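Enquirer: no sequence for this one, just the structure:
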C-alpha cells in the first residue's frame with residue numbers, strides 16, 4: 001500500500017505561528033529567522049480529559065467555593081511568592097538564566113515537601129542521577145523518600161508517576177521532554193505545548209502539584225510558545241546577577257495568590273539561604289558619606305524593601321552624553337532628567353549620567369522617582385545626602401510630587417531599620433501617619449526635595 005508523503009509546515013519558535021512555506025521573517029510576530037520545519041499534526045481527540053467537573057451551566061452565586069489547602073515547602077520565601085504554600089493540583093513554571101539556581105531551589109523545596117508528605121519525584125532530562133545525587137549531598141537533602149528519574153519520554157515519565165504516586169513532581173526541563181504522539185523534535189513548539197497540556201491534565205486529575213523548569217531565551221523570556229505561560233497556574237522567574245550572591249524569585253502570574261510578589265535568597269556553598277530582612281541586606285556596606293547615594297522605598301508585592309540608589313553625574317567628552325541605568329528603566333530616567341532640567345534649571349546636556357540599584361534588584365514602580373531626582377542633584381552639586389533620610393514619591397512632568405500607595409508599610413519598614421526622617425508626598429501626610437519615631441517631610445514639588453535630604457555638613 002502506497003503511503004503519502006508526510007506534510008510539513010513551518011512554525012515560528014517565538015509566537016507559534018504557522019505557514020506552509022519558509023520565510024525569513026515570521027508573518028505574525030515579525031521575528032527574523034524563527035521559522036522551523038515540523039511535521040503537520042492532525043487534531044486529535046483527547047477523550048474525556050477535562051480540567052474541571054463536567055456540569056451544566058449554573059448561576060455564579062450558586063457555585064460552591066472551598067478554601068484551597070496548601071502545603072508548606074519549608075522555604076518561607078518560596079511559600080510567600082506562591083501565596084502561602086503549594087496548592088494541590090497546581091502546575092508551576094520556573095524560569096531563569098542557566099546556573100542561576102533553579103534546580104537547587106526545587107531540590108530544597110522537594111526536600112521540605114518530602115518531610116511532610118512523602119514520597120516526591122524529581123525527573124531530570126538534562127543531568128544524570130549521579131549529578132543530582134552529588135548536588136543533593138552538598139545541599140543536605142538526601143532522603144529515601146526523594147526519588148530521581150532520568151527520563152525524557154513523557155509516556156515513561158507518567159508511567160513511573162502513576163506507579164509511585166508522588167505527592168509532588170518536578171520536571172527538569174519541559175523543553176527536553178517529548179511525547180510519542182508528535183513526531184517533531186523535543187523543544188519545538190508542538191512538543192512543548194503538548195507536553196505541558198498532558199502534565200496539566202495529570203496534575204488536575206491526581207491533585208499532585210507539578211513544577212516545570214523552563215529554559216529562557218537571550219532576552220530573558222521563557223523559551224517556547226507564550227501558550228506555555230497561559231497553561232500553567234503560576235509563573236516564577238528566578239533573577240539575579242551571577243556576580244552577586246543574591247537571588248530574587250518573582251511571581252509574574254499566580255492564580256492562587258498575588259502577582260509581583262518576590263522572595264529573596266542568598267546563594268552559598270550549602271545552597272540557597274532565605275533572606276528574612278532584604279532591606280537590611282541591600283543597605284549593608286553603604287558608605288558613610290557619599291554624594292549621589294540615597295535610600296528609596298519600593299513595594300514588591302506586599303513587601304516594602306529599602307534599597308540604596310546611586311547616581312554619578314560627570315562631564316562628558318562626547319557630543320552626545322551617555323545615559324546608563326542598571327536596575328531602572330532607562331526611559332524613566334530620561335523622563336526624570338528632562339524634569340530636572342526644566343523645573344530645577346540644571347543643565348545636564350553636557351554631562352554623562354549613570355544610575356545603579358545596589359544589590360542587583362530591579363525597581364519598576366514610580367514611587368522611587370523622588371529618590372532618583374535627589375541622587376542626580378546630589379551628584380551634580382557634589383553635596384552628600386543625609387544617611388538617615390528615606391525618599392518616597394512619584395514625580396510628574398510638571399515637577400509635582402504625586403502620592404503613592406501603601407505609604408504606611410513603607411514608613412514602618414524605614415522605622416524598623418532606624419531611619420529618622422522620611423521625605424514623602426504632601427498628599428500622603430495624614431493624621432494617622434504622625435509618629436514620634438520618625439520625622440515626616442511632605443513635599444509638593446521637586447524643588448523642595450533637596451532642602452530636606454542634604455546633610456548639614458554640606
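Expert: On my side now, so go ahead. All values reported here derive from a predicted model rather than from experimental measurement.
Enquirer: top helix in this protein by residue count?
Expert: Ranked by residue count, the top helix of the chain under DSSP state H comes out as helix 189-206.
Enquirer: Could you give the average pLDDT over that helix?
Expert: When pLDDT is averaged along helix 189-206, the result is 92.
Enquirer: And it, what's buried?
Expert: In terms of neighbour count (16 or more other C-beta atoms under 10 Å), helix 189-206 has its buried residues at 189-204, 206. Glycine gets a C-beta too; all of them are placed from N, C-alpha and C.
Enquirer: Could you tell me the angle between the helix or strand following that helix and helix 189-206?
Expert: Proceeding N to C from helix 189-206, the next assigned helix or strand is strand 210-214, under DSSP states H and E. Computed by axes from the mean of the first three to the mean of the last three C-alpha atoms, to 10 degrees, the angle separating strand 210-214 from helix 189-206 equals 160 degrees.
Enquirer: Show residues contacting strand 210-214.
Expert: Contact partners of strand 210-214, identified using C-beta atoms under 8 Å, 6 or more residues apart in numbering, comprise 90-95, 102-103, 106, 109, 168-175, 196, 199-200, 202-203, 222-224, 228, 232.
Enquirer: Can you select the buried ones among those for me in PyMOL?
Expert: Below is the selection syntax for PyMOL that covers the buried ones among the contacts of strand 210-214, with 16+ other C-beta under 10 Å defining burial:
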select buried, resi 90+91+92+93+94+95+102+103+106+109+168+169+170+171+172+173+174+175+196+199+200+202+203+222+223+224+228+232
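Enquirer: Would you tell me which strand is longest in the protein?
Expert: With residue count as the measure and DSSP state E as the assignment, the chain has strand 303-315 as its longest strand.
Enquirer: What distance do you get for residue 229 to residue 30?
Expert: In this structure, residue 229 lies at 20 Å from residue 30, with C-beta to C-beta, to the nearest Å as the measure.
Enquirer: Looking at those two, which one has more neighbours?
Expert: residue 229 (18 against 11; other C-beta atoms under 10 Å).
Enquirer: helices or strands up against the one helix or strand residue 451 maps to?
Expert: Using DSSP H and E, residue 451 sits in helix 449-453. Here helix 449-453 is seen to pack against helix 369-381, strand 389-391, strand 421-425, strand 439-443 when contacts are counted using 3 or more C-beta pairs under 8 Å, 6 or more residues apart in numbering; DSSP states H and E.
Enquirer: Now do the domain split for the protein, please.
Expert: Structural domains assigned to the chain are 8-39, 70-276, 281-453, following automatic domain parsing.
Enquirer: CSV for these, including distance to residue 57?
Expert: Converted to CSV, these look like this (distance: least, C-beta to C-beta, whole Å):
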stretch, distance to residue 57
domain 8-39, 31
domain 70-276, 20
domain 281-453, 35
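Enquirer: Helix, strand, or coil at residue 413?
Expert: Reduced to three states with DSSP: H, G, I helix; E, B strand; the rest coil, the structure at residue 413 is helix.
Enquirer: In contact with it, which residues?
Expert: 279, 297, 304-306.
Enquirer: again, only using 6 Å
Expert: Taking C-beta atoms under 6 Å, 6 or more residues apart in numbering as the criterion, residue 413 is in contact with 279, 304, 306.
Enquirer: Report the contact partners of the last one.
Expert: Meaning residue 306. Applying C-beta under 6 Å, 6+ apart to residue 306 gives the contacts 279, 295, 297, 413.
Enquirer: Tell me the bridge partners for it.
Expert: Note on residue 306: beta-bridge partners residue 297, judged by DSSP bridges.
Enquirer: now it: how far from residue 294?
Expert: Between residue 306 and residue 294 the computed distance is 11 Å (C-beta to C-beta).
Enquirer: Among the contacts of strand 210-214, which ones are in strands?
Expert: For the contacts of strand 210-214, secondary structure assignment (DSSP E) places 91-95, 169-172 in strands.
Enquirer: in a helix, that's where residue 342 is, yeah?
Expert: Yes. Checked against three-state DSSP, residue 342 lies within a helix.
Enquirer: How about the contacts made by the closest residue to it other than its chain neighbours?
Expert: Excluding the flanking residues, the one nearest residue 342 by C-beta to C-beta, 6 or more residues apart in numbering is residue 399, at 7.5 Å. Applying C-beta under 6 Å, 6+ apart to residue 399 gives the contacts 339, 343, 445-446.
Enquirer: Just give me how far whichever helix or strand residue 280 is part of sits from the chain centre.
Expert: Taking DSSP H and E as the criterion, residue 280 maps to helix 278-282. Going by C-alpha atoms, centre = their mean, to the nearest Å, the spacing between the C-alpha centre of helix 278-282 and its chain's C-alpha centre is 18 Å.
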